[in-house]
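Asker: Got a predicted structure here, sequence first:
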Amino acid sequence: MKVKILILTGYGINAEKELAWAFELAGGETNIVHLEDLISNAAMLKDYQILAFPGGFSFGDHIASGKIFGNKIKYTIFSELIRFIESDNLIIGICNGFQIITKLGLVPNAADKFEQTASLIGNDSGHFENRWVWVKNLNKNSIWLKDIDKLYLPVRHGEGKFIVKNDNILKDIQNNGQIALQYFNPDSDKAEYPFNPNGSVLDIAGITNKKGNVFGLMPHPEAYIFLQNNPNWSENIDNSGFTGLKIFQNGVDYFKK
Amino acid sequence: MFNRVEICGKSASEDGKARGIELIIEEDLGLKVDDIRIVEAYNFQGNFSNDEILTLRNSLFCDKVYQNSFVGFHHLTEEEYDFAIEVAYKTGVTDNVGKTASKGMEYILKRDVKENDVKSSTLYLFRGNIKKNDIELIASKVLCNTLIEDYYIFYRTDAKKSIDYKFNFETAEKIKPYEVVNLEVSDEELMKISREGILSLSLEEMTTIRDYYRDEKIKSERKAKDLPDNPTDIELELFAQTWSEHCKHKIFAAEITYENCGEVKVIDSLFKTYIKKSAEIIKGKRDDLLSLFKDNSGVVKFNDEWAYCVKVETHNSPSALDPYGGAMTGIVGVNRDILGTGIGAYPIFNTDVFCFGDPFIDNKEVPDGLLHPRRIFRGVHRGIKDGGNESGIPTVNGSISFDNSFLGKPLVFCGTGGLLPLKVNGKDSYEKYTKSGDLIVMVGGKIGKDGIHGATFSSDHLSEKSPTSAVQIGDPITQKKMVDFIIEARDKDLYSGLTDNGAGGLASSVGEMATFTNGAVLYLEKCPLKYSGLKPWEILLSEAQERMTVSVPKDKIDDFLELSKLRDVESTAIGEFTENGLFECFYNGERISSVSMNFLHNGVPKYKLKAKWKNNEEKKVEFIDEDIAQSIKNLLKRPNIASKEYWVRMYDHEVGARTVVKPFMGKNNDGPSDGAVLKIFPNSNEGLVVTHGIVPRYSEYDTYCMAANAVDEAVRQAACLGANPDKLVGLDNFCWADPVESASTPDGKYKLAQLVRACEALYDLTIKYNCPCISGKDSMKNDYLRDGKKISILQTLLFTVVGKVEDIRKSVTFYFKKPDSKIYLIGDTKSELAASEYYLMKNIKGGFVPKVDPDAALANYKKLYGAITDGLILSAHDLSDGGLSVALIEAAFSGKVGCDVDLSVFGGNLSLTDILFSESPSRILVSVNPENEKKLLEIFGKNGVLYLGETTSGDNISVRYKDKIVLNENLTALKNIWKNALIF
């Protein structure tokens, strides 16, 4: 049986279609579901193994990115969502999706309290940017990032600067191995702008929860699923290993064991 | 009860936005402030308990990870600052953040919170010693657009005493259904009515309307319906709207007597004679042109299952007044043209092209009442950025042209392409199926006073009297929800037809759709309003954004409305399509308008205009450049040539994962692509190319050449990218200075002749290139007039090309790929430097304007297509602004590959400056592997391409001419000049 992925949409989410392509290329079966339909029938979650929060501009990023979409879940079906996570299913949040699951407290969630302890705020540059960045994987054992060394992916955001509430939380997520992806400069030890495109603390591009089944990242792996997505594709480059597709394969393969 | 929550970052130094504003204040006003802190405020009225406000602070307004929240006017009364400026939308202007906040409050409090009871505002706290006058400047020139926003300045000492500043929340008013407008008056009075009402109707049009009401048959019909003899205000507004230049394209439809060198001919409609005729001729030869010029956008077959459609609009006048709002509504507006095509298409890409005045012009040279080009540039850019990014539609192609004639009016072209299945629910998708008896349903946003008279105002020149109500505010998220809902409803077969509400609002959208059934009746009191106090004619004409007009069969209305509610989209049945030949409106049971559909749509008198062309003599200019290297460096800095990457990176150009040739590519992703290529579906390598051509500069000499070069540029770029030359389509967008002779336009005949010549070129080139216009738009009053001073824009044609790429894997990009490849030039170089970037830089008048030889050009493009299909071409870059020098340097530095070329190979009487800087059209710079050289020469013939040299492994460009080195420069240094010249 195919692994089933529920991809949320609605209220300004806009990267759901390519995310569905990506999961299908990875061998999954996808359904794009409007948040309103999930809220009115949260029981449908039991039919799925993966829940995906795509990128976009839910509620126009007004007040704060991801906040209102997150609140809509928090004040309706939050307990069902927690049950989904605790039943060994997977969640991925990309860009706006990462902002949503961070504000919901699904990541980093180092204290297992499902409270917001980190945030994604306005880029240091003060504006939205679309550029390709290198990220390296710090946690090769994690569910979503198995066998990945580094990735070349586009970022497309105005609010991607990862920060935490206090230093203890940063220590916790470091000690727990929750930092998943870090921006880096292939030619230097320091990832200054634009290699770190937003000013994230410790160059963090993606994090997981402690168990690793909930994963959030700012870059867009679903935007690099075939060779010609890569801006350097016309130079006859070696494509192997850097595409975002591997992330989705890891997610799908997790249930094939 | 008034409540206010203020949000501020815990650490002020980390605010990138505040730093950005400091920079703008310094750059634009020359003022230095010490510090800015930004406070976001949410102001709301109603009864909220302290607990509720605490919950809202902690769970909605404040991100406690890095922000603090306060109640009341905390910062103004308790914090340290030298002065403060609060900015809030004016009453009645859409406040998107306030709207979202009200939703967010509802989700948490689980009770209704009225949209209009919540208003957002921003408070800027300043440190620094700034004079009062300068503080006013900061408020009015940097922070606030006074058309749509109010600002309040506070000084620390005053504010601590008391805050005498109140938010206005809307209150209800009683409305009279209509006023009668007496047209039985003198001609002067008639024109006064037209002018003061911003109707933009001519005397002939006013008298035509008056005569309609004099008709005895009409009189008796009106009597029977209890309507006055004279028109009601709503009727007159409906005529003005439907007959506006913006909607009826009266100049393109006019009968024109055209005189050229003594020869006189009469042209019955430029549109029919040139644009439509060319398209019809080509349609006879191609089977992929499904719908031309009859819908909101042209529709073309993509493959056996899908079609694509494209539309490009202009939004010049709104952008001149409010650059941000004008540009944003431009882009989200053209998105709706796509959504409203056929039975509904889904937008997949945006394009944007701007023309501005020189961004570095001295403030003193900007005429009174106009915004500095830099401010327009920033605002327009931000509008396109927010509109496109928030809608989830990638901005894949565009450009910016600079010329000080665009001080008079900036040009803002916004384009969108969309996809639709060939069949939807078993029927052709590119048709509409509206029937008499179907309900008229308004979907999307609510109606406010925004944009009233936009259509008639844009049909007039810009002056100090331009109405502020003509400006609209966009809300991309409301629209995004609507787009997703419409497509879902389309696939569920819940409606029969639709169109968008753009210029003219319901008057225009319902008016157009009513032609399918020959009638419509509207009940205007049913329309959802943003606030009360709108008169019925204002409801009919409002250009409030994010609205579609949909025809829904009665048996589907319940399902349609239910789905709409689930998707958080407002839909309301407001009337019915009829077949009685009348356009009628009711308000609270009273009939307030009833006009004949036939007269409304066909009654406008045809213009009869005169045009007279005079040739500008072209003369050879002798000029020797003593310092080629310095000239090239200066050329690379020119705004038309310099990199726009800093601005373009702020657009999302990849959402959708389709963009494979992106705006900036190369070894470091920072070289300028010739256009975009999109891979349309993940499981297929079929694609679309998107390019455009625009060269207003040449209009100074000959608009025929201007238009021909625009068409050639777009087609040539498509050729460079590997598009199939047999499957290209075009879009024409004319932006013209008023071409109708009058007291304020004494040179109207010449300006109209310029239009005729541009249309002739468009006809000739589209026929030759087999690339018809599938849709177009004209904007005809791009002048500024004040105190007798007039600025007319350079006459401009934007030609956009979209076409099929059979296999995107074979597409070619513009930059050199590796050392030791061979560099060739396709196409003839002539001494054609009139109005070239080089001559403009050197202040040289004269020379020859580039002339297109479409037969020779097309032959080369087809050969290039063959070579690309055979995989022979490593890179192909089109030569445009700056000629060969710029193209060569761009191809080299973008690929981080050096080059060594010898220009002695150019024959004829060309000088070195001709060779390097001529802008002769139809030329392409290619590079090939040495082993493919022979095949390339076989395809093009020995004399068909010119060998220039080869690429090298260094970071250097070396150019020789007649045994002398004329240029030897480090490429990275050249790139840095080019890259940093347009950042501000």
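Answerer: It's in. Residues are numbered from 1 along each chain as shown, chains lettered A, B, ... in the order given.
Asker: do stretch A:128-145 and chain B meet at all?
Answerer: Yes. Part of stretch A:128-145 sits near chain B under the criterion CB under 8 Å from any CB of the partner chain, namely A:128, A:129, A:130, A:131, A:132. Any C-beta I mention is one placed from the backbone N, CA and C, and that applies to glycine too.
Asker: Now, these that are in strands?
Answerer: Cross-referencing the residues of stretch A:128-145 next to chain B against strands under DSSP state E gives A:129, A:130, A:131, A:132.
Asker: so which of those comes closest to residue B:400?
Answerer: If you rank these by distance to residue B:400 using CB to CB, residue A:130 comes first, at 17.7 Å.
Asker: where's residue B:315 relative to residue B:373, distance?
Answerer: Remark: distance between residue B:315 and residue B:373 (CB to CB, to the nearest Å) = 17 Å.
Asker: more neighbours, those two?
Answerer: Shown here are residue B:315 and residue B:373; by other CB atoms under 10 Å in any protein chain shown, residue B:315 has more neighbours (29 against 23).
Asker: surely that one meets residue B:332?
Answerer: No. Judged on CB atoms under 8 Å, residue B:315 makes no contact with residue B:332 at a distance of 10.2 Å.
Asker: mind listing what the residue of the stretch 401-550 of chain B found nearest chain A touches?
Answerer: Across the stretch 401-550 of chain B, the shortest distance to chain A (CB to the nearest CB) belongs to residue B:477, at 4.0 Å. Residues counted as contacts of residue B:477 (CB atoms under 8 Å, 6 or more residues apart in numbering or on different chains) are A:11, A:12, A:57, A:59, A:60, A:62, B:96, B:100, B:390.
Asker: Read off the pLDDT value for it.
Answerer: As summarised for this prediction, residue B:477 has a pLDDT of 91.
Asker: ranges for the strands of the stretch 1-150 of chain A?
Answerer: Assigned by DSSP state E, counting those that start in this stretch, the stretch 1-150 of chain A shows strands spanning A:4-9, A:29-34, A:50-53, A:90-94, A:118-121, A:129-137, A:150-157.
Asker: I'd like those strands written out as a markdown table, with mean pLDDT and mean neighbour count added.
Answerer: Listed next are the strands of the stretch 1-150 of chain A as a markdown table, based on pLDDT from 0 to 100; neighbours: other CB atoms under 10 Å in any protein chain shown:
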| stretch | mean pLDDT | mean neighbour count |
| --- | --- | --- |
| strand A:4-9 | 98 | 23 |
| strand A:29-34 | 97 | 18 |
| strand A:50-53 | 98 | 26 |
| strand A:90-94 | 98 | 27 |
| strand A:118-121 | 96 | 25 |
| strand A:129-137 | 96 | 22 |
| strand A:150-157 | 96 | 24 |
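Asker: sorry, back to before: what's the closest of the residues of stretch A:128-145 next to chain B to residue B:430?
Answerer: residue A:130 (32.2 Å).
Asker: who are the neighbours in contact with the closest residue to chain B within the stretch 51-200 of chain A?
Answerer: Closest approach between the stretch 51-200 of chain A and chain B, counting by CB to the nearest CB: residue A:126, at 3.2 Å. Applying CB under 8 Å, 6+ apart, one finds that residue A:126 lies in contact with B:16, B:17, B:19, B:20.
Asker: export the residues you listed to a markdown table and tack on pLDDT, distance to chain A and secondary structure?
Answerer: Converted to a markdown table, the contacts of residue A:126 look like this (pLDDT from 0 to 100; distance: CB to the nearest CB, whole Å; DSSP: H, G, I helix; E, B strand; the rest coil):
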| residue | pLDDT | distance to chain A | secondary structure |
| --- | --- | --- | --- |
| B:16 | 77 | 3 | helix |
| B:17 | 83 | 5 | helix |
| B:19 | 85 | 6 | helix |
| B:20 | 85 | 4 | helix |
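Asker: Could you work out the most separated pair of those residues?
Answerer: B:17 and B:19 (7.3 Å).
Asker: who's more crowded, the two?
Answerer: Using other CB under 10 Å as the criterion, residue B:17 and residue B:19 rank with residue B:17 on top: 17 against 14.
Asker: what's near enough to touch residue 113?
Answerer: Because you didn't say which chain, this covers chain A. residue A:105.
Asker: um, chain B though
Answerer: B:44, B:46, B:102, B:103, B:105, B:106.
Asker: May I ask which of the residues you listed has the most neighbours?
Answerer: residue B:105 (26 neighbours).
Asker: Identify the residue spatially nearest to it, adjacent ones excluded.
Answerer: Excluding the flanking residues, the one nearest residue B:105 by CB to CB, 6 or more residues apart in numbering or on different chains is residue B:113, at 4.4 Å.
Asker: And residue B:763, by the same measure?
Answerer: Here the residue nearest residue B:763, using CB to CB, 6+ apart, is residue B:274, at 4.0 Å.
Asker: Chain A contacts on the stretch 801-950 of chain B?
Answerer: Residues of the stretch 801-950 of chain B lying close to chain A (CB under 8 Å from any CB) are B:808, B:809, B:811, B:812, B:813, B:817.
Asker: Confirm for me that the third one is in contact with residue B:660.
Answerer: By that I understand residue B:811. Yes. Using CB under 8 Å, residue B:811 is in contact with residue B:660, at 6.9 Å.
Asker: what touches both of those two?
Answerer: With CB under 8 Å, 6+ apart as the test, residue B:811 and residue B:660 both reach B:677, B:687.
Asker: Surely residue A:219 and residue A:206 touch.
Answerer: Yes. The criterion here is CB under 8 Å, and residue A:219 meets it with residue A:206 at 7.4 Å.
Asker: Between the two, tell me which one has more neighbours.
Answerer: For the pair residue A:219 and residue A:206, the greater number of neighbours falls to residue A:206 (33 against 29), based on other CB under 10 Å.
Asker: Was I right to think the more buried one contacts residue A:216?
Answerer: Yes. In terms of CB under 8 Å, residue A:206 counts as a neighbour of residue A:216; the distance is 6.2 Å.
Asker: ok, back up a step: which pair in the contacts of residue B:477 spans the largest distance?
Answerer: A:11 and B:96 (13.3 Å).
Asker: between those two, who's got more neighbours?
Answerer: Legend: neighbour count by other CB under 10 Å for residue A:11 and residue B:96, higher for residue A:11 (24 against 20).
Asker: where does that one fall, phi/psi-wise?
Answerer: With angles defined as degrees, to the nearest 10, residue A:11 sits at phi 60, psi 30.
Asker: per-residue confidence for whatever residue of chain B ends up closest to chain A?
Answerer: The minimum distance from chain B to chain A, using CB to the nearest CB, falls at residue B:392 (2.3 Å). You'll see residue B:392 listed with a pLDDT of 96.
Asker: looking at it, it is touching residue A:56, isn't it?
Answerer: Yes. The pair residue B:392 and residue A:56 qualifies as a contact (CB under 8 Å) at a distance of 5.8 Å.
Asker: who has more neighbours, those two?
Answerer: residue A:56 (33 against 25).
Asker: partners of residue 4 in the sheet?
Answerer: In the absence of a named chain, this looks at chain A. residue A:29 (DSSP bridges).
Asker: let's do chain B instead
Answerer: Residues in beta-bridge contact with residue B:4 (DSSP bridges): residue B:43.
Asker: that older thread, which of the residues of the stretch 801-950 of chain B next to chain A ranks first by neighbour count?
Answerer: The most crowded member of those, judged by other CB under 10 Å, is residue B:813 (29 neighbours).
Asker: give me the number of residues near residue 87?
Answerer: Using chain A here. For residue A:87, the neighbour count with other CB under 10 Å is 11.
Asker: wrong one, chain B
Answerer: When neighbours are defined as other CB under 10 Å, residue B:87 has 18 of them.
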